[in-house]
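Asks: Following is a predicted model, sequence given first.
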Amino acid sequence: MDGNDEGRELLLISGMSGAGKGTASKVLEEFGWYVVDNLPLEFVADLIDHMQGAEDGPKRLAVVADVRSLGFDEHIGGLLQRFDGRPQAKVLFLDASNEALVARFNNVRRSHPLQSGDGLIDGIQRERKVLEGIRGRADVVVDTTKLSVHDLRHRLETPFGDLGFDFHLTVESFGFKYGVPVDVDMLLDMRFLPNPHWIPELQPHTGREKPVRDYVLADESIEEYLRSAVTMIRLAIHGYRREGKRYMTIAVGCTGGKHRSVAVSESLAGRLSGLDSVDVHVRHRDLGRE
């Protein structure tokens with residue numbers, strides 16, 4: 001990209017087979033991205049140069065590159081180099097648990113592209129190995145294991161839907177008993193706080209309701225904890241911006257993801273919402289699962 005490409009965005013979409021790249025592509029098209037899929041990778045560089053050099057070229061260009069792509073092994077390294085150090089060029093990686101991927105392939109009754117006559121799980125494990133470098137390079141990783149199509153759209157809307165913010169921050173509550181989210185940058189554990197679950201009059205309520213919120217935030221240690229968390233997050237945002245990354249997810253966990261993590265996530269997001277040019281979004285992953 002050169003000076004003529006100022007304001008234009010470039011996105012590489014990759015990830016595990018069955019993790020939802022096709023669905024993500026359709027969502028991104030709704031957000032105004034021009035998405036190119038299943039093109040031999042030796043032609044992708046020329047395509048990017050042509051589209052971004054044309055006066056009427058798309059302002060937001062997304063290219064899907066995965067193990068299905070012809071020439072993947074030979075050309076993916078060179079393609080990734082085009083994204084290094086360029087604030088307007090991002091990498092999105094779609095992931096899911098092995099169990100979820102197996103279930104999805106079984107539901108559609110098709111084989112994995114790297115299965116090669118072995119078991120389905122063998123193909124999935126081979127693909128994880130092949131893609132580990134891209135996953136590590138990704139600016140945004142989305143775990144679709146427990147996401148509906150609506151949830152996926154919501155997750156992509158924060159980093160890729162709104163052009164008006166310099167930095168996108170997601171605060172996500174969750175329950176440890178349902179597993180720790182894999183697509184997070186910082187994790188905060190609220191299990192040190194008294195649990196409203198054991199208070200009969202509070203147990204039916206959630207951390208979004210005033211009785212539970214007041215109970216959780218009344219703990220003598222939480223104010224200092226939240227101030228320290230905000231300081232850490234602000235320092236991390238500064239570092240992320242310096243490194244050219246514009247997306248960050250904070251996971252806030254408690255046992256079930258209903259009371260403490262929800263109340264603290266809401267409070268933390270409120271404290272962060274005043275940061276300059278930062279779009280703060282709150283998501284409660286496990287709320288309603290009990």
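Replies: Everything's here; your move. Numbers count the residues shown, from 1 in each chain.

Asks: got the domain boundaries for the protein?
Replies: Per automatic domain parsing, the structural domains of the chain span 3-160, 167-284.

Asks: got CSV for those domains, with mean neighbour count too?
Replies: For every residue, glycine as well, the C-beta is placed using N, CA and C. CSV is the format used below for the domains of the chain (neighbours: other Cβ atoms under 10 Å):
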stretch, mean neighbour count
domain 3-160, 17
domain 167-284, 18
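
Asks: Least reliable of those by average pLDDT, please.
Replies: Among the domains of the chain, domain 3-160 carries the lowest mean pLDDT, at a mean of 88.

Asks: can you give me the helices in the stretch 1-150 of the chain?
Replies: With DSSP state H, counting those that start in this stretch as the criterion, the stretch 1-150 of the chain has helices at 21-30, 41-53, 72-81, 98-108, 120-137, 149-160.

Asks: who does the longest one touch, helix- and strand-wise?
Replies: Counting contacts by 3 or more Cβ pairs under 8 Å, 6 or more residues apart in numbering; DSSP states H and E, helix 120-137 packs against strand 9-15, helix 72-81, strand 89-95, helix 98-108.

Asks: Check the last one too.
Replies: Other helices and strands packing on helix 149-160, by 3+ Cβ pairs under 8 Å, 6+ apart, are helix 21-30, strand 89-95, strand 140-143, strand 167-175, strand 278-284.

Asks: so what's the closest residue to residue 153 other than its chain neighbours up against?
Replies: The shortest distance from residue 153 to any non-neighbouring residue, by Cβ to Cβ, 6 or more residues apart in numbering, is to residue 27 (4.8 Å). Residue 27 makes contact with 152, 153, 156 under the criterion Cβ atoms under 8 Å, 6 or more residues apart in numbering.

Asks: hang on, the earlier thing: TSV for the helices and strands packed on helix 149-160, including distance to residue 116?
Replies: Formatted as TSV, these follow (distance: least, Cβ to Cβ, whole Å):
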stretch	distance to residue 116
helix 21-30	21
strand 89-95	22
strand 140-143	26
strand 167-175	36
strand 278-284	38
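
Asks: out of those, nearest to residue 124?
Replies: Nearest to residue 124, of all those, is strand 89-95, at 11.1 Å by Cβ to Cβ.

Asks: Please state the offset of the closest one from the chain centre?
Replies: Relative to the chain's own centre, strand 89-95 is displaced by 8 Å; criterion: Cα atoms, centre = their mean, to the nearest Å.

Asks: what residues does that strand touch?
Replies: Contact partners of strand 89-95, identified using Cβ under 8 Å, 6+ apart, comprise 1, 9-16, 19-21, 24, 80, 82-83, 131, 134-135, 137-144, 156, 159-160, 182-183, 246.

Asks: Repeat the analysis, applying 6 Å as the threshold.
Replies: For strand 89-95, the surrounding residues in contact (Cβ atoms under 6 Å, 6 or more residues apart in numbering) are 10-16, 19-21, 24, 83, 135, 137-144.

Asks: Just checking: what are the partner strands of that strand?
Replies: strand 9-15 (parallel), strand 140-143 (parallel) (DSSP bridges).

Asks: for those, which one sits closest to residue 36?
Replies: Counting by Cβ to Cβ, residue 36 lies closest to strand 9-15 out of the strands paired with strand 89-95; the figure is 9.6 Å.

Asks: wait, residue 252 sits on residue 176?
Replies: No. Counting by Cβ atoms under 6 Å, residue 252 stays clear of residue 176, with 11.0 Å between them.

Asks: sec struct for the closest residue to residue 199 other than its chain neighbours, please.
Replies: Nearest residue to residue 199 in three dimensions, chain neighbours excluded: residue 215, at 7.1 Å (Cβ to Cβ, 6+ apart). Classification of residue 215 by DSSP: H, G, I helix; E, B strand; the rest coil places it in helix.

Asks: So residue 215 versus residue 274, what's the distance?
Replies: Per Cβ to Cβ, to the nearest Å, residue 215 is found 25 Å from residue 274.

Asks: In contact with residue 195: list those residues for me.
Replies: By Cβ under 6 Å, 6+ apart, residue 195 lies in contact with nothing.

Asks: and with 8 Å instead?
Replies: Contact analysis of residue 195 by Cβ under 8 Å, 6+ apart lists 254, 255, 259, 260.

Asks: do the same with residue 16
Replies: Shown in contact with residue 16 (Cβ under 8 Å, 6+ apart): 94, 95, 96, 101, 124, 127, 128, 131.
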